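Visitor: pasting the sequence and the predicted coordinates here, then a few questions.
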Amino acid sequence: MRNAKKSWNKIAIINLVSTIVLQGIAFFSAPIFSRLLGTSNYGIISVYRTWVSLAATILSLQLASTIANARASFNSEDQEKYQSSVMSLSILVYGMLSILVLIVCVILSNYMSINILMVVCVLFQGLGTYLVNTLNSKLTYEFKANKNALIAIVLSVGNIVFSLIFVLLLDKDNNYWGKIFGELLINILVGLIGYVLIFHKGKTFYNKEYWKFTIPIALPTIFHLLANIILSQSDKLMLQKFLGNSSVGVYAMAFTFASIMSTIYGALNNTWVPFYFEYTKYRQLDEVKKHARNYVELYTIISCGFILLSREVFHIIADKSYWNGTSYIVVFAVGLYMVFLYSFPVNFEFYYKKTILIAIGTTLAAICNIYLNYIFIRVYGAIGAVLATTISYILQFIFHYICAQRIIKEEFPYSMKIFLPGIGIVYTVAIFSLLSQSYIIIRWLLAGGIGIYLLKKIYSRKSLF
């Protein structure tokens with residue numbers, strides 16, 4: 001780990017630069033699609049993506065999610081064989097379950113309204129999404145951030161190009177199919193290419209030892225990811241039921257914009273986790289604690305800057321028909337900050353293979369979210385769904401922190417002292433931003449000030465973390 005800081009900075013810079021490029025692409029493409037599709041069709045696309053996430057999570061059994069654990073349990077020469085074997089098992093299981101899903105849907109279509117073509121699209125895009133995510137995971141834990149960045153850019157640009165072509169070819173009432181076909185095509189192409197490359201290197205389909213290792217760890221992960229999807233997406237399904245597609249479209253647009261923070265977190269987490277695993281493997285817990293403090297400070301300041309600037313930027317990229325969702329963004333940002341914090345105990349649990357605890361915590365949060373959605377949406381409308389999600393994320397963090405501190409018999413390297421200052425700052429800035437919507441100059445000057453502070457801190461320690 002002698003060159004850890006140099007490697008850490010290099011990977012972090014690549015991840016962040018690629019994220020900025022991707023967000024730049026999304027920044028310019030979002031207004032185009034939001035206007036072409038309209039709020040109703042945009043809502044349909046949002047719900048469709050929820051079903052894709054469910055298919056990718058459940059039907060694959062998430063067997064390739066154990067790539068990180070395999071790096072700690074098998075020799076280096078076993079890694080490519082392991083990856084090709086578990087991916088092959090995933091595709092086999094996915095294919096069998098997809099046939100079963102299609103049969104059930106065809107039967108049910110005689111009694112209820114089910115669009116079989118959309119089901120087929122969901123199944124194919126779900127497979128492509130899973131394969132792409134597996135390839136990303138492999139490259140992340142092999143510290144190949146440059147290749148991950150290339151894949152992300154290809155996916156983003158391909159998605160926009162294909163979707164735009166198809167959307168423009170279709171009439172306005174049905175142009176949501178164009179977005180579906182565009183996303184499906186690029187995901188399945190990149191996913192299958194990734195699988196072919198991995199299998200070509202590993203050349204292993206069946207290996208009893210690998211399959212026996214992956215299944216007990218992966219199965220609880222399905223429930224975690226499934227519950228996470230329900231936690232983040234049940235709002236849209238329930239809004240669709242209670243308030244209609246247009247409300248879902250506004251909600252989804254606000255959430256998509258707020259997800260800039262989720263994307264930045266993903267880029268930073270892809271840098272953090274591989275090094276965290278390495279430091280933990282060699283019991284360098286003091287290094288973990290030191291870098292964790294810097295990591296929390298970094299993301300806290302970025303979150304505050306986003307909250308302060310979000311209103312005006314959202315009004316630039318979104319059509320006026322979506323502006324009702326402006327106030328949602330600040331609340332979403334608070335919830336996503338709690339997702340960032342909960343990743344610390346969850347990464348700890350995942351390293352020690354306590355995936356059952358991860359699944360339990362996320363399932364409880366999902367149940368809580370559904371219950372709160374049912375109450376809040378009926379009383380407060382769409383903002384009720386935003387509040388329900390944020391409260392559920394807060395409870396999820398508390399649950400996993402307690403589990404990491406009390407249940408797992410290993411030293412949890414993070415105390416609440418690391419997290420509390422950030423929580424206090426983000427919540428204060430969020431309240432200030434909601435109460436000072438008219439004071440644009442003050443908010444932007446404050447954002448500029450904390451940005452300069454962050455740059456000085458990074459420069460002084462010569463490291464992002």
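Guide: Nice, I can see it.

Visitor: can you tell me how far the residue nearest to V161 when sequence neighbours are not counted is from L197?
Guide: Residue nearest to V161 in three dimensions, not counting chain neighbours: G182, with 7.7 Å by CB to CB, 6 or more residues apart in numbering. Just so you know, the C-beta spots here come from the backbone N, C-alpha and C atoms, and that holds for glycine as well. Note on G182: its distance to L197, by CB to CB, to the nearest Å, is 23 Å.

Visitor: give me the more crowded residue out of the two.
Guide: Taking other CB atoms under 10 Å, G182 and L197 do not tie; G182 has more neighbours (21 against 13).

Visitor: wait, that one sits on L170?
Guide: No: taking contacts as CB atoms under 8 Å, G182 lies outside contact range of L170: 11.0 Å.

Visitor: for the residue in the chain sticking out farthest from the centre, give me phi and psi.
Guide: Largest separation from the mean C-alpha position in the chain: N110, at 35.9 Å (CA atoms, centre = their mean). In terms of degrees, to the nearest 10, the main-chain angles of N110 are phi -70, psi -20.

Visitor: swap in the one 3 residues further on?
Guide: Phi and psi for S113, reported as degrees, to the nearest 10, are phi -80, psi 100.

Visitor: that one - how many residues pack around it?
Guide: The tally of other residues near S113 (other CB under 10 Å) stands at 6.

Visitor: how about I360?
Guide: I360, neighbours per other CB under 10 Å, totals 18.

Visitor: list the buried residues in the host helix or strand of S262.
Guide: Assigned by DSSP states H and E, S262 belongs to helix 245-281. Residues 245-265, 267-280 are the ones in helix 245-281 that count as buried (16 or more other CB atoms under 10 Å).

Visitor: same deal with stretch 104-112?
Guide: Quick answer for stretch 104-112 (16+ other CB under 10 Å): C105.

Visitor: now that stretch, how far from the chain's geometric center?
Guide: Relative to its chain's centre, stretch 104-112 lies at 32 Å (CA atoms, centre = their mean, to the nearest Å).

Visitor: what's it in contact with?
Guide: I114, I116, V119 (CB atoms under 8 Å, 6 or more residues apart in numbering).

Visitor: in helices, which of those fall?
Guide: I116, V119 (DSSP state H).

Visitor: got a winner among the contacts of stretch 104-112 for most neighbours?
Guide: When these are compared by neighbour count (other CB under 10 Å), V119 ends up highest, at 19 neighbours.

Visitor: helices and strands around the helix or strand hosting F350, which ones?
Guide: Applying DSSP H and E as the criterion places F350 in helix 326-351. The contact analysis (3 or more CB pairs under 8 Å, 6 or more residues apart in numbering; DSSP states H and E) places helix 326-351 against helix 67-73, helix 245-281, helix 285-317, helix 355-380, helix 382-406, helix 416-435.

Visitor: may I have the last one as CSV, with CA atoms only?
Guide: Listed next in CSV are the C-alpha coordinates belonging to helix 416-435 (Å, rounded to 0.1, in the frame of the first residue of the first chain):
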residue,chain,number,x,y,z
MET,A,416,-20.8,8.8,15.4
LYS,A,417,-18.4,11.8,16.0
ILE,A,418,-17.3,11.4,12.4
PHE,A,419,-20.9,11.7,11.1
LEU,A,420,-22.7,14.1,13.4
PRO,A,421,-21.0,17.4,12.3
GLY,A,422,-21.8,16.6,8.6
ILE,A,423,-25.5,15.8,9.4
GLY,A,424,-25.9,19.1,11.4
ILE,A,425,-24.3,21.1,8.6
VAL,A,426,-26.3,19.6,5.7
TYR,A,427,-29.6,19.8,7.6
THR,A,428,-28.9,23.5,8.5
VAL,A,429,-28.0,24.4,4.9
ALA,A,430,-31.1,22.6,3.6
ILE,A,431,-33.4,24.6,5.9
PHE,A,432,-31.6,27.8,5.0
SER,A,433,-32.0,27.1,1.3
LEU,A,434,-35.7,26.4,1.6
LEU,A,435,-36.2,29.6,3.6
